[in-house]
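In: pasting a predicted model and its sequence here:
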Amino acid sequence: MHHSIEIKNLSFSYPDGTPALHDISLSITPGEKVALVGPNGAGKSTLILHLNGILSGQGSVRVCGLEVVKENLSRVRSCLGLVFQSPEDQLFSPTVFDDVAFGPLYQGLTPDEVLQNVDQALEAVHMLAYKKRVSHHLSVGEKKRIAIATVLSMHPEVLVLDEPTGGLDPRSRRSLIHLLNELPLTMLVSTHDMLLVREIIPRMIVLDEGRLVADGPTLTLMNDSVMLETHGLERP
C-alpha cells in the first residue's frame, strides 16, 4: 500500500538564500486527517507548495505513490487537490458552474462527465443551488466552499487546505468545520485554528523555523503545554 503523502529529508531555501525547510520527513496514510501547525514563518505554506510541484527542494516528495517531478506533475495534481488560503486565487470564471467545471474540462472529460462531476462536487459542499451564481458575489464562507468544490470535481485522493477557516465569521467557520469532518478524503490541513484541530483532526504535526518539532496524536500534543508555548502555539 502506498502512502498518500511521503516526504523524506526535504530541505528548501528561497533564491535569496533564506532557509525555509530543514530535513523534513513525514508520511500520511490513506484516510488520515492531519493538521500542520506552527507560528507564522514556520514553513507550512512552503511545505504544502512542494506537494504539487510549485516549489522543489532537496529530498524526496511522493504523492499517491508518484514522485513529485516534472514528468509526473499532471498526475500528481489530479491526485492531490490544493485549496489555497484565499478563494480569490481559485475562482476566476463567470459563474460557480464554470469555476467548478474548469478542472474536469482540463482533464478531458466528456460534457456529461463534467456535468456529473460538477454536481457531485457542489453537492458535497452543500452548494448545488449556487451553480448559476456569480462566484464574486458570494460571501467569504460560500467562496471557500466553492474553492473546495473546484478541487473535489477532479476526484482527488488527497485534499490539502491552507488556513481553511481564515477570515470566516463564527457561523461560516462552524459550517466549514462540519464540512471538513464529513469529507471522506485523506486530508492535510495547515492552520492556526487550534480549536478546529482539536475538534476534528486526530494527528498533529508541528513545524517551527522550518523544522519538524513534533508529530503525534492531537490530544497528546495539545496537553504538552511546554511544547506548545516553546513553539508559539496556544492551547485552545
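Out: Thanks, I have the structure now. Numbering: from 1, shown residues only.

In: low-confidence ranges, the protein, go.
Out: Low-confidence segments of the chain (pLDDT under 70): 1.

In: let me see the ranges of the strands in it.
Out: All strands of the chain, identified by DSSP state E, fall at 5-13, 19-28, 33-37, 58-63, 66-67, 80-83, 158-162, 186-190, 203-208, 211-217.

In: got the ones you listed as TSV, with mean neighbour count and distance to Ile148 columns?
Out: Any C-beta I mention is one placed from the backbone N, CA and C, and that applies to glycine too. Converted to TSV, the strands of the chain look like this (neighbours: other Cβ atoms under 10 Å; distance: least, Cβ to Cβ, whole Å):
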stretch	mean neighbour count	distance to Ile148
strand 5-13	18	18
strand 19-28	18	19
strand 33-37	24	14
strand 58-63	18	18
strand 66-67	14	23
strand 80-83	22	5
strand 158-162	23	8
strand 186-190	23	11
strand 203-208	22	21
strand 211-217	16	25
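
In: for Ala129, find the nearest of these.
Out: With Cβ to Cβ as the measure, strand 80-83 is the member of the strands of the chain nearest Ala129 (21.1 Å).

In: list of residues touching that closest one?
Out: For strand 80-83, contacts defined as Cβ atoms under 8 Å, 6 or more residues apart in numbering pick out 5, 48, 51-52, 63-64, 90, 144, 147-148, 151-152, 154, 156-162, 164.

In: do the same with stretch 50-60
Out: 5-13, 21, 23-24, 46, 49, 61, 63, 67-70, 73, 76-77, 80, 82, 160, 188.

In: try 6 Å
Out: The contact list for stretch 50-60 (Cβ atoms under 6 Å, 6 or more residues apart in numbering) reads 8-12, 49, 61, 63, 68, 73, 77, 80, 82, 160.

In: same check, this time on stretch 118-129
Out: Contacts for stretch 118-129 (Cβ under 6 Å, 6+ apart): 100-101, 145, 148-149, 152-153.
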